[in-house]
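S.K.: Provided below are the primary sequence and the corresponding predicted coordinates.
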Amino acid sequence: MATTFVDRVVLHAAAGHGGHGVASVRREKFKPLGGPDGGNGGRGGSVILRVDPQATTLLDYHRSPHRRAGNGRPGAGDERNGADGADLVLPVPEGTVVKDADGTMLADLVGMGTEHVVARGGRGGLGNKALASPRRKAPGFALLGEPGEVRDVVLELKTLADVALVGFPSAGKSSLVSVLSAARPKIADYPFTTLVPHLGVVTAGTVRFTVADVPGLIPGAHEGRGLGLEFLRHVERCSVLVHVVDCATLEPGRDPLTDLQVIEHELSRYVPDADLGGRPLAERTRVVVLNKADVPEAHELAELVKPELEAQGHEVHIVSAVAHSGLKELTFALARLVEQARAELPAVAPQRAVLRPRAVDDSGFEVRRERGPDGEFFRVVGERPTRWVRQTDFTNDEAVGYLSDRLARIGVEERLYQVGAVAGDTVVIGTADDAVVFDWEPTLQSGAELLGARGTDLRLQDSGRLTRGEKRAAMRDRYAARSATQAELEAERRSGLWHLDESDDVPGTDSGDPPDGGAAAARPGR
C-alpha cells in the first residue's frame, strides 16, 4: 500500500541567488561622455512555508525534499534593473513545527496563512550607476549578487486537536471517532488497523471540538516499539486525553485496570517538545471510556471496575460504539472539559514589532588571531565584511580597490594593527566555508589623505614655514647682494683688470663660435 500520510520530513531548501550588477557607459550621439548607466541585479527568491487549509500531510516533501527558489536576473545598460527571482511558497498543514538540524525550534505554524521564511534570497549586486559618486564619477566595475541561503530543516506535523483518543490496538478508537464525527477511518478486527492519525469534528450543543484517533500504543512505545513513538507527537497539543479501554478483550494478562496502567506509564515516559510550551502528558485532563459494552461480559466487567477507577479520580463513561450507547453523555462531557481548557488558556497578546538598533560603538566585525596548519593568521568575522567580499569581482582591480577602501573605512586595518598584524601576514575574511584568504598589505596614504580629517589642514600646523615679512626681507637681501656683485664687476672692468678676447674683433670670425669652443671669455689686460 502506498504511503499517503507523512508527518516528519527533512526539507532541503535553497533560496535564489541575487543577480549581478552591470558596468556600462551610456553611448549616445552627441554625448561622448554620457556617464555610467549600469543597472542593479534583481533579488533572489526566498523559500517560504505557508499554512494552507488544503494541506493535510507532508507527503509531497517526502517525495521531493529538494526545493529551490528562482534566481534574480542581472542588470543591464540604460539603467535597467534585473527582475527579482520568484519566491517559492510551500503549503504545509496547520500545526507544522519547523526545526533546524540541531533540533532547535524555528517556528510553530499555527493559524491559516501563517508564514515562515526558511531560506532568504540573496541581494542583487549594484551597478556602476548606483556606485557613482562625486569622487568616483565613472566606476568601471559593479558588485556581484549574493548567493541565496541553503538550509536543511526538519518539518514535524503535530495535529491540532482538542481531544486525543489513546489506548491499546483494537480498543475501538477508530469506531468511536466514526460514530462521534463524520470521519471515516479504516475499521478492522486486527491490531494496528490505524496507521495514521485521523481527525474528526464533534458538535455538542454550541461547542465544536476536534477529536484525534492516535494509532494504538503498546508497552515500550516511548522507546520506539510499535507505532506509538512516531505518533505520540500528535497528542502534544491536545488538552483532554481519552483512555479507550477494551473491556471485551480475550488476550491473557489484559484487563481494564492493567491496560490503563500500561498506557499511563507510556504517556508519563514520553517527553513533549518544551519549545511548544505544552504541559507534560501526565498533567492533561483524563477521561476513561470503557468500550464495547454491547458485549454482556464486557458490560459486567465495566460496571465492576468503574467504581474503582472513579475512586482513583478518573471520570469514567461506559459506551458502545456499535450500539451507540452512552455516546451523548460522553460527547457533552468532552465538550465541558474542552471549554474549561480553552478558558484556562492565557490571552494571546498582539505581537509588536521590536526595533533593536545597532549600538553606536558597534563596528559590526571582530578580528581574531587564530592558528592553522600553515601557521598563525588573522580572521575578520562580521556580516558586512563577509558580504562585501562575496560581492567583489576579484578579476577587476578597481573593484578590489573599492573593497579595500570600504574595509579601511570601517576600521578593519586599524583593528589589524591593534591585534599585532604586520605587512605580509595572512588575513582571512569570512567563515570557514566561503572565506577569502590574502596577504595583507596596509593601504598607502597619499594626496588628500595627508590633509587629515575634514575641517583641518596639516599645512596650517607647520610652524617651519616663512611668513610674508620674512619672505620680503630675504628677497631684499638677494637683490642687495646681486646689486653689490654687479657694481664690483663694473668697477673691475673700468679699471682694466679684464677685457674681451682680441679674436672677437677679427673680421670674418664668427663671434658665436670662439676658437677655444667656449663662450667669449674675459681675460685680464697686460
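M.R.: Good, I have the coordinates.

S.K.: For residue 23, give me its contacts.
M.R.: Residues near residue 23 by Cβ atoms under 8 Å, 6 or more residues apart in numbering: 36, 38, 127, 128, 139, 140, 141, 142. Glycine gets a C-beta too; all of them are placed from N, C-alpha and C.

S.K.: Check whether it sits in a helix, strand or coil.
M.R.: Under DSSP: H, G, I helix; E, B strand; the rest coil, the three-state class of residue 23 is coil.

S.K.: Likewise for residue 474?
M.R.: helix.

S.K.: So what's the residue count around it?
M.R.: A total of 11 residues lie near residue 474 under the criterion other Cβ atoms under 10 Å.

S.K.: now swap in residue 215 and tell me
M.R.: Neighbours around residue 215, by other Cβ under 10 Å: 23.

S.K.: can you tell me which helix or strand it belongs to?
M.R.: Counting by DSSP states H and E, no helix or strand carries residue 215.

S.K.: swap in residue 202?
M.R.: Applying DSSP H and E, one finds residue 202 within strand 198-204.

S.K.: and that strand, which strands flank it?
M.R.: strand 207-213 (antiparallel) (DSSP bridges).

S.K.: Which positions in the partner strand come out as buried?
M.R.: By 16 or more other Cβ atoms under 10 Å, the buried positions in strand 207-213 come out as 207, 209, 210, 211, 212, 213.

S.K.: could these go into TSV alongside pLDDT and distance to residue 403?
M.R.: Output for the buried residues of strand 207-213, formatted as TSV (pLDDT from 0 to 100; distance: Cβ to Cβ, whole Å):
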residue	pLDDT	distance to residue 403
207	85	65
209	84	61
210	83	57
211	84	62
212	80	57
213	79	61
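
S.K.: Just after the helix or strand bottoming out on mean pLDDT in the chain, pick out the following helix or strand.
M.R.: Here the helix or strand of the chain ranked lowest by mean pLDDT, DSSP states H and E is helix 228-231, holding a mean of 54. Sequence order places strand 240-246 as the next helix or strand after helix 228-231, per DSSP H and E.

S.K.: Quick one: distance of that following strand to the chain centre.
M.R.: Relative to the centre of its chain, strand 240-246 is centred 44 Å away, using Cα atoms, centre = their mean, to the nearest Å.

S.K.: and if you look at stretch 315-333?
M.R.: 51 Å.

S.K.: Farthest-apart pair in the contacts of residue 23, please.
M.R.: Spanning the widest gap among the contacts of residue 23 are 127 and 140, at 11.9 Å by Cβ to Cβ.

S.K.: So for those two, which residue has more residues nearby?
M.R.: Applying other Cβ under 10 Å to residue 127 and residue 140 shows that residue 127 carries more neighbours, namely 31 against 14.

S.K.: Excluding sequence neighbours, find me the nearest residue to that one.
M.R.: residue 38 (3.3 Å; Cβ to Cβ, 6 or more residues apart in numbering).

S.K.: Now that neighbour: phi and psi?
M.R.: phi -70, psi 130 (degrees, to the nearest 10).

S.K.: isn't it right up against residue 26?
M.R.: No. Assessed by Cβ atoms under 8 Å, residue 38 is found out of contact with residue 26, at 9.7 Å.

S.K.: Which one's more surrounded, these two?
M.R.: residue 38 (30 against 16).

S.K.: want to try TSV for the buried residues of strand 207-213, with distance to residue 59 as columns?
M.R.: Formatted as TSV, the buried residues of strand 207-213 follow (distance: Cβ to Cβ, whole Å):
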residue	distance to residue 59
207	32
209	27
210	21
211	23
212	18
213	19
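
S.K.: Return the member of those nearest to residue 86.
M.R.: The closest of the buried residues of strand 207-213, once distances to residue 86 are taken by Cβ to Cβ, is residue 210, at 35.5 Å.

S.K.: Enumerate the beta-bridge partners assigned to that closest one.
M.R.: residue 201.

S.K.: That one: what's it in contact with?
M.R.: Residue 210 touches 160, 161, 162, 163, 199, 200, 201, 202, counting by Cβ under 8 Å, 6+ apart.

S.K.: farthest-separated two in those?
M.R.: Farthest pair in these, by Cβ to Cβ: 160 and 202, 14.4 Å.

S.K.: Same drill for the two, tell me which one is more crowded.
M.R.: Neighbours per residue, other Cβ under 10 Å: of residue 160 and residue 202, the larger number sits with residue 202, 21 against 16.

S.K.: can you tell me how far that one sits from residue 284?
M.R.: 18 Å (Cβ to Cβ, to the nearest Å).

S.K.: confidence score at the closest residue to residue 37 other than its chain neighbours?
M.R.: Distances taken as Cβ to Cβ, 6+ apart place residue 26 nearest to residue 37, at 4.4 Å, with adjacent residues excluded. At residue 26, the pLDDT value in this model is 87.

S.K.: Report how many residues lie close to the residue nearest to residue 315 when sequence neighbours are not counted.
M.R.: Nearest residue to residue 315, sequence neighbours excluded (Cβ to Cβ, 6+ apart): residue 287, at 5.1 Å. Residues near residue 287, counting by other Cβ under 10 Å, number 19.

S.K.: give me the element residue 287 is part of.
M.R.: Per DSSP H and E: strand 285-291 holds residue 287.

S.K.: what's that strand packed up against?
M.R.: helix 173-180, strand 240-246, helix 296-311, strand 315-318, helix 327-344 (3 or more Cβ pairs under 8 Å, 6 or more residues apart in numbering; DSSP states H and E).

S.K.: which neighbours do residue 38 and residue 26 share?
M.R.: By Cβ under 8 Å, 6+ apart, the residues touching both residue 38 and residue 26 are residue 77.

S.K.: Enumerate every residue touching residue 389.
M.R.: 403, 429, 430, 436.

S.K.: does it count as helix, strand or coil?
M.R.: Going by three-state DSSP: residue 389 is helix.

S.K.: how about the residue nearest to residue 37, what does it touch?
M.R.: Here residue 26 is in contact with 34, 35, 36, 37, 77, 78 (criterion: Cβ under 8 Å, 6+ apart).

S.K.: can you put those in CSV and add secondary structure and pLDDT?
M.R.: Listed next are the contacts of residue 26 as CSV, based on DSSP: H, G, I helix; E, B strand; the rest coil; pLDDT from 0 to 100:
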residue, secondary structure, pLDDT
34, coil, 80
35, coil, 86
36, strand, 91
37, coil, 91
77, coil, 90
78, coil, 89
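
S.K.: which of those has the most neighbours?
M.R.: For the contacts of residue 26, neighbours tallied by other Cβ under 10 Å; top is residue 36, 23 neighbours.

S.K.: Give me the distance between that residue and residue 27.
M.R.: Applying Cβ to Cβ to residue 36 and residue 27 gives a distance of 12 Å.

S.K.: Also residue 165?
M.R.: Taking Cβ to Cβ as the measure, residue 165 falls 76 Å from residue 27.

S.K.: quick revisit: what is the nearest of the buried residues of strand 207-213 to residue 319?
M.R.: For the buried residues of strand 207-213, the nearest to residue 319 is residue 211 (13.4 Å; Cβ to Cβ).

S.K.: sorry, back to before: have a look at the contacts of residue 210 and tell me the least confident one.
M.R.: Ranking those by pLDDT, residue 160 lands last with 69.

S.K.: The closest residue to residue 143 other than its chain neighbours: what's it in contact with?
M.R.: Using Cβ to Cβ, 6+ apart and skipping the chain neighbours, the partner closest in space to residue 143 is residue 125 (3.7 Å). Residue 125 makes contact with 18-21, 40-41, 75, 142-146, 391, according to Cβ under 8 Å, 6+ apart.
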